[in-house]
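In: quick check, what structure comes out for this input:
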Amino acid sequence: MPPLATLLIYTLAGTTVGLLALLSGIPAAPLAGALLGAGLLSMSGMLEQASWPSGTRTALEIGIGTVIGTGLSRTSLDQLQTLWKPALLITLSLVLTGIVVGLWSSRLLGIDPVVALLGAAPGGISGMSLVGAEFGVGAAVAALHAVRLITVLLVLPLVVRLISPGQ
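Out: Sure thing, here's the model as predicted:
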C-alpha cells in the first residue's frame, strides 16, 4: 500500500475514534480517542507503521505551542507576579520527583530509562509525546501520559470537591 494511503487510514482511524470519544465525556477525549484509534490499528499489524512526511513533527510542535500560547493572557502575567514562588516550588518539586520516580521505575520495573524519565515528567501528553518521538519512544511516553492524564482528570476533581465542598 502506498505510504500516503497508509497515513490517511491511520488519520481516519484516529479522527473517527477521537470524535467518538467526545461522546464519552472523558477528559481529553479527542486526544485519548485518537491515540486509541491509531494505536490499536497500528498494534493490530493490519497496516505497516505510518511514515509522516518530513516537517510534520515541526508543524505539529508549532501548532501545539500556538494552542498553549493563545491560552496565556495579560491576566496570566499579572497572576505570575504573586504566583511565581509557588510556581517555582511546584515546578522544581515535580521535576525532581519525576526524575526520582522515573529512575526508580526504570530500575525496579526494568523499563527503558528514557521512557521512564519522559513518562514520569510533569508535562502534557502532546508535548512529552513529541519529545519522546525525538528519542524514538513517543508511543510509549504517550501511553504513560495518557494513563496519567486520564487518572488525574478523573481523580483530582473529586479530591477538590472533598476538600472544598463549596466549589
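In: neighbours around residue 121, how many?
Out: 23 (other Cβ atoms under 10 Å). C-betas here are computed from N, CA, C, even on glycine.
In: please read the previous query as pertaining to residue 136.
Out: Quick note: residue 136 (other Cβ under 10 Å) scores 11 neighbours.
In: next one: residue 144
Out: For residue 144, using other Cβ under 10 Å, the count is 24.
In: pretty sure it is touching residue 115, no?
Out: Yes. Residue 144 is in contact with residue 115 according to Cβ atoms under 8 Å; the separation is 7.2 Å.
In: quick one: contacts for the residue nearest to residue 132 when sequence neighbours are not counted?
Out: Once flanking residues are discounted, residue 132 sits nearest to residue 141: 3.2 Å by Cβ to Cβ, 6 or more residues apart in numbering. Taking Cβ atoms under 8 Å, 6 or more residues apart in numbering, we find residue 141 in contact with 115, 118, 119, 128, 129, 131, 132.
In: would you mind giving these as TSV with secondary structure added?
Out: Supplementary listing: these in TSV, determined by DSSP: H, G, I helix; E, B strand; the rest coil:
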residue	secondary structure
115	helix
118	helix
119	helix
128	helix
129	helix
131	helix
132	helix
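In: which residues in this protein form strands?
Out: With DSSP state E, there are no strands along the chain.
In: where along it do the helices fall?
Out: 3-22, 29-44, 56-70, 74-109, 113-120, 125-134, 138-163 (DSSP state H).
In: and of the contacts of residue 141, the nearest to residue 164?
Out: For the contacts of residue 141, the closest approach to residue 164 (Cβ to Cβ) belongs to residue 128, at 29.2 Å.
In: please consider this matter closed, and thank you.
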